[in-house]
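turn this into a structure:
(one chain, ligands or ions: 2)
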Amino acid sequence: MNLAITDVRLTPILVADPPLLNTQGVHQPYTPRLIVEVVTADGVTGLGETYGDTKYLELARPFAERLKGRQVSDLNGLFTLADQVAVDAARVENAVDVGGLRGVQTADKLRLSVVSAFEVACLDALGKTLGLPVHALLGGKVRDAVEYSAYLFYKWAGHPEGVACEKDDWGAAVDPAGVVEQARRFTERYGFTSFKLKGGVFPPDEEIAAVRALAEAFPGHPLRLDPNGAWSLETSLKVARELGDVLEYLEDPALGIPAMAEVAERTGVPLATNMCVTTFAEIKEAFTRGAVQVVLSDHHYWGGLRNTQQLAAVCRTFGVGVSMHSNTHLGISLAAMTHVAATVPNLHHACDSHYPWQSEDVLTERLAFEGGKVPVSDAPGLGVELDRERLAALHRRWLDDDGALRDRDDAAAMRVADPEWVTPSMPRW
Ligand SMILES: O=C([O-])C(=O)C[C@H](O)[C@@H](O)C(=O)[O-]
Ligand SMILES: [Mg+2]
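Ligands and ions are numbered 1, 2, ... in the order given. Sure, this is the predicted structure:
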């Protein structure tokens with residue numbers, strides 16, 4: 001058995017994305033992802049996936065160079081190695097992640113977002129070599145299936161006229177009836193029983209009405225609303241009070257730990273975040289001030305599967321809940337999320353996943369939701385197989401792009417439909 005890494009392949013791709021609305025704008029018709037392959041001396045290939053924007057590619061390339069000759073079992077060494085990769089100061093100066101949707105942007109967070117794909121790829125290769133599933137390498141599963149929630153979005157029926165795109169069959173959802181209809185489709189197609197609505201798109205009263213409509217259509221089901229910090233403290237307090245009786249939690253109503261702490265204290269409504277706690281450095285203040293009751297981990301920017309387990313342990317220590325955030329991702333990441341989620345004992349909320357919105361994948365077989373859950377694979381590694389033809393086709397799309405879509409920009413996509421659109425200043429309402 002030879003665990004030495006002899007080759008690393010990085011393949012940036014563009015994958016189809018429907019016109020999903022958020023407070024920054026709308027999703028572009030294609031979004032960048034990076035597929036990582038780590039090959040061992042025995043010829044075993046491990047797969048990983050992360051964000052594919054330029055700022056990640058420019059770190060992934062020098063990192064991949066340094067990886068050759070190391071062992072896929074040397075997971076701690078990945079972090080030491082990452083520290084050697086310089087981050088351009090312009091990338092982090094006064095910067096927030098994806099226009100503010102994912103919190104602060106630090107040099108470490110950028111590095112971790114890259115390391116995570118390599119950690120997953122190394123675990124996949126190690127698992128395949130040893131004949132063990134990734135969850136076993138993480139200490140073993142405590143559940144056989146991981147529950148996900150329906151991630152509802154306000155959306156248009158299609159991308160703007162004349163824009164090259166793939167069509168989707170979800171239809172439009174721009175009012176309460178549309179949101180309920182979308183939720184019904186999610187339950188019919190995937191069996192989800194929890195619902196999260198991406199808010200911050202329409203004035204809060206309209207979004208309150210949509211959540212009320214969901215509560216009426218699906219009585220007793222867990223509901224969440226996430227405006228990505230688009231509301232002032234006063235608006236957050238108002239929405240929390242109006243929806244407190246039907247929400248499982250409210251996600252990032254306002255920006256920053258002090259505002260979140262005040263909303264939590266004055267309303268008692270549980271708050272979740274993937275914005276004010278996205279790094280270990282932010283935990284102490286947020287937890288001691290009671291600003292968040294559920295941290296939505298994302299193994300991509302927390303630095304991988306083992307860091308996610310560490311985050312879960314810290315949350316458990318402080319009596320704070322943990323669940324999972326999601327951005328547009330493919331099956332490799334869904335498999336990784338499922339393996340780590342299977343090992344976290346204190347996971348009491350259904351995880352987010354964009355996967356149902358992704359009509360394209362790079363796997364020979366898509367992962368399936370059964371009754372809203374993804375079964376935990378016991379096959380060696382992640383339990384997924386790369387479809388090289390699909391990978392090549394999506395890479396071809398990336399090569400053919402003139403650069404306009406290689407960096408996610410929801411405000412730019414919105415300007416195609418509304419040339420006057422500027423990124424809203426926060427708080428928006
Ligand atoms: O706050 C969140 O849950 C997200 O940031 C998830 C995604 O970024 C979502 O808002 C999106 O892609 O529009
Ligand atoms: Mg969120």
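
and residue 35, helix, strand or coil?
strand (DSSP: H, G, I helix; E, B strand; the rest coil).

report how many residues lie close to it.
By other CB atoms under 10 Å, 23 other residues sit near residue 35. The way it works is simple: take the backbone N, C-alpha and C, and place the C-beta from them, glycine included.

nearest residue to it other than its sequence neighbours?
residue 11 (4.5 Å; CB to CB, 6 or more residues apart in numbering).

ok, now residue 152?
Excluding its sequence neighbours, the residue lying closest to residue 152 (CB to CB, 6+ apart) is residue 197, at 4.6 Å.

kindly report the same for residue 148.
Per CB to CB, 6+ apart, closest to residue 148 is residue 353, 4.7 Å.

ok, back up a step: so how far is the helix or strand containing the residue nearest to residue 152 off the chain centroid?
Using DSSP states H and E, residue 197 maps to strand 195-198. Between the centre of strand 195-198 and the centre of its chain there are 14 Å (CA atoms, centre = their mean, to the nearest Å).

centre of the chain to the very next helix or strand once past that strand, how far?
Next in sequence after strand 195-198, counting helices and strands by DSSP H and E, comes helix 204-217. Distance of helix 204-217 from the chain centroid (CA atoms, centre = their mean) equals 24 Å.

which parts of the stretch 251-400 of the chain sit against ligand 2?
Proximity of the stretch 251-400 of the chain to ligand 2, by CB under 5 Å from the ion, involves residues 251, 274.

show me where the stretch 251-400 of the chain has helices.
Taking DSSP state H, counting those that start in this stretch as the criterion, the stretch 251-400 of the chain carries its helices at 257-267, 283-288, 299-302, 305-318, 331-343, 388-400.

let me have those helices in JSON lines, extended by mean pLDDT and mean neighbour count.
Formatted as JSON lines, those follow (pLDDT from 0 to 100; neighbours: other CB atoms under 10 Å):
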{"stretch": "helix 257-267", "mean pLDDT": "98", "mean neighbour count": "19"}
{"stretch": "helix 283-288", "mean pLDDT": "98", "mean neighbour count": "16"}
{"stretch": "helix 299-302", "mean pLDDT": "98", "mean neighbour count": "27"}
{"stretch": "helix 305-318", "mean pLDDT": "98", "mean neighbour count": "18"}
{"stretch": "helix 331-343", "mean pLDDT": "98", "mean neighbour count": "26"}
{"stretch": "helix 388-400", "mean pLDDT": "98", "mean neighbour count": "14"}
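
so which other helices or strands are in contact with the helix or strand where residue 39 lies?
Using DSSP H and E, residue 39 falls within strand 30-40. Identification of packing neighbours for strand 30-40 by 3 or more CB pairs under 8 Å, 6 or more residues apart in numbering; DSSP states H and E yields strand 5-16, strand 45-51, helix 54-67, helix 107-130, helix 388-400.

tabulate these (CSV), appending distance to residue 425.
Shown next, in CSV, are these (distance: least, CB to CB, whole Å):
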stretch, distance to residue 425
strand 5-16, 30
strand 45-51, 25
helix 54-67, 23
helix 107-130, 23
helix 388-400, 32
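
nearest to residue 191, of these?
Evaluated with CB to CB, the helices and strands packed on strand 30-40 place strand 5-16 nearest to residue 191, the distance being 23.7 Å.

now the closest one: buried residues?
Neighbour-count burial for strand 5-16, with 16 or more other CB atoms under 10 Å as criterion, is recorded at 5, 8, 10, 11, 12, 13, 14, 15, 16.

likewise for stretch 74-83?
Going by neighbour count (16+ other CB under 10 Å), the buried part of stretch 74-83 is 74, 75, 78, 79, 81, 82.

ok, the last one - contacts?
Under the criterion of CB atoms under 8 Å, 6 or more residues apart in numbering, the contact list for residue 82 reads 63, 111, 112, 114, 115.

please identify the helix or strand for the closest residue to the second one other than its chain neighbours.
Pointing back at residue 111 there. Leaving aside its sequence neighbours, residue 111 sits nearest to residue 82 (CB to CB, 6+ apart; 4.4 Å). Per DSSP H and E, residue 82 falls inside helix 75-83.

which one of the helices and strands packed on strand 30-40 lies closest to residue 219?
That would be, of the helices and strands packed on strand 30-40 and by CB to CB, strand 5-16, which comes in at 34.7 Å.

quick one: the closest one to strand 45-51, angle?
40 degrees (axes from the mean of the first three to the mean of the last three CA atoms, to 10 degrees).

next helix or strand past strand 5-16?
Counting by DSSP H and E, the next helix or strand C-terminal to strand 5-16 is strand 21-22.

does ligand 1 have contacts with that next one?
Yes. Residues of strand 21-22 contacting ligand 1 under CB under 6 Å from any ligand atom: residue 22.

what's in contact with that strand?
So strand 21-22 is contacted by 27, 101, 153, 154, 155, 156, 198, 200, 201, 228, 410 (CB under 8 Å, 6+ apart).

can you check stretch 381-397 too?
11-15, 30, 35, 37, 45-47, 120, 123-128, 133-134, 331-332, 335-336, 339, 360-365, 367, 377.
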